[in-house]
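> Structure, please.
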Amino acid sequence: MTTIVTDNCKDCRYTDCVAVCPVECFHYDDQMLYIDPEVCIDCSACLPECPVEAIYEEDDLPEDKYEWIEINAEKSKVLPVITDTMDPLPGADERKAALGF
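Next up, the predicted model:
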């Protein structure tokens, strides 16, 4: 099993989750984060850190989010690793509010 980042992360890119990850499984682009399923140790430390509830255990992933399993696997192969926190994207707080958090 692995942990999956979903579309709630898009246009927010809060990196609180990266700070608690014991391995270097997070990758990023200009919109969001992704998790490399081959590196993730399924410790779940990142789940409670996400302020927009974008991260799920694969077993708990809602059916309408299944596409994110493959997206994380593909994107993590070609994007840089992130090991330090960075500022959220401009407009992240507005997106967070729009998502209901």
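
> now Cys25: how far from Ile4?
Using C-beta to C-beta, to the nearest Å, Cys25 is found at 11 Å from Ile4. Every residue, glycine included, has its C-beta placed from N, CA and C.

> Now the common contact residues for those two.
Counting by C-beta atoms under 8 Å, 6 or more residues apart in numbering, the shared contacts of Cys25 and Ile4 are Ile35.

> Show me which helix runs longest in this protein.
In the chain, taking DSSP state H as the definition, the longest helix is helix 67-78.

> So in terms of bridging, what pairs with the spatially closest residue to Lys75 that is not a sequence neighbour?
Leaving out its chain neighbours, the residue that sits closest to Lys75 by C-beta to C-beta, 6 or more residues apart in numbering is Tyr34, at 4.3 Å. As for beta bridges, Tyr34 partners with His27 under DSSP bridges.

> Does Tyr34 touch Ile69 like I think?
No: Tyr34 is beyond contact range of Ile69, at 10.9 Å (criterion: C-beta atoms under 8 Å).

> Have a look at the two and say which one is more surrounded.
Neighbour count, other C-beta atoms under 10 Å: between Tyr34 and Ile69, Tyr34 has more, with 24 against 16.

> the helices in the protein, which residues?
Using DSSP H, helices in the chain cover 16-20, 67-78, 92-98.

> Out of the ones you listed, the one nearest Asp60 is which?
helix 67-78 (12.3 Å; C-beta to C-beta).

> Buried residues of the closest one, list them for me.
Trp68, Ile69, Ile71, Asn72, Ala73, Lys75, Ser76 (16 or more other C-beta atoms under 10 Å).

> which residues make contact with the longest helix of the chain from outside it?
The contact list for helix 67-78 (C-beta under 8 Å, 6+ apart) reads 2, 4-7, 25, 27, 29, 34-37, 39, 58, 61.

> which of those lies closest to Asp87?
The closest of the contacts of helix 67-78, once distances to Asp87 are taken by C-beta to C-beta, is Asp29, at 15.3 Å.
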